[in-house]
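A.B. asks: Let me see the structure of the following:
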Amino acid sequence: MPALDGTQAELNMSLQFHDPRAEPMVAATPYTLRTDLDRPLNIGLLANGFPDSVNFLDRVQEALSEKLPQAAFHRYDKGNASAIVSGEMLDDIIEKCDVAVAAYGH
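C.D. replies: Next up is the predicted model:
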């Protein structure tokens, strides 16, 4: 690789690879929260503000609608991935929703 002065520069670098198939270091904790699915549900869908989080939750809603046709959906969007959910939005989710799905990550 040419250096700024036109001579050849040597590039030294080391890479370390991590095997994603490694055994987890922490035991999985079973998810034990449950709700009655034999009644109409109000489901909250909270987008985290990252690009495509709303589109992802569109697909989640489609899939849940097929399995739970009696469900009503309430959509929420933080709009900014670095912001926390406002108290007002959280109060609305608690008041209107039996369960909620939050899309975090991107």
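A.B. asks: Mind listing what's buried along the longest helix along the chain?
C.D. replies: Counting residues, the longest helix in the chain under DSSP state H turns out to be helix 53-67. Using 16 or more other CB atoms under 10 Å as the test for burial, helix 53-67 gives 53-54, 56-57, 61, 64. The way it works is simple: take the backbone N, C-alpha and C, and place the C-beta from them, glycine included.
A.B. asks: Redo these as TSV? Include distance to Ala28 and pLDDT.
C.D. replies: As requested, the buried residues of helix 53-67 are exported to TSV (distance: CB to CB, whole Å; pLDDT from 0 to 100):
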residue	distance to Ala28	pLDDT
Ser53	25	91
Val54	29	92
Phe56	23	92
Leu57	25	95
Gln61	27	97
Leu64	24	95
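A.B. asks: Out of these, which comes closest to Phe73?
C.D. replies: Using CB to CB, Gln61 comes nearest to Phe73 of those, at 5.3 Å.
A.B. asks: Burial check on the closest residue to that closest one other than its chain neighbours, number of neighbours?
C.D. replies: With sequence-adjacent residues excluded and distances taken as CB to CB, 6 or more residues apart in numbering, Gln61 is closest to Phe73, at 5.3 Å. Close neighbours of Phe73, defined as other CB atoms under 10 Å, add up to 17.
A.B. asks: Now whichever strand or helix holds Phe73 - C-alpha only, PDB.
C.D. replies: Secondary structure assigned from DSSP states H and E places Phe73 in strand 72-77. Extracted in PDB, the C-alpha atoms of strand 72-77 (Å, rounded to 0.1, in the frame of the first residue of the first chain):
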ATOM      1  CA  ALA A  72     -57.100  -5.500  18.200                       C
ATOM      2  CA  PHE A  73     -53.700  -3.800  17.600                       C
ATOM      3  CA  HIS A  74     -52.400  -0.600  19.000                       C
ATOM      4  CA  ARG A  75     -49.300   0.800  17.300                       C
ATOM      5  CA  TYR A  76     -46.600   2.900  19.100                       C
ATOM      6  CA  ASP A  77     -43.400   4.300  17.700                       C
END
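A.B. asks: for the record, mean pLDDT for it?
C.D. replies: Average pLDDT, strand 72-77: 97.
A.B. asks: Can you spell out which helices and strands pack onto it?
C.D. replies: Under the contact definition 3 or more CB pairs under 8 Å, 6 or more residues apart in numbering; DSSP states H and E, strand 72-77 sits against strand 42-47, helix 53-67, helix 87-96.
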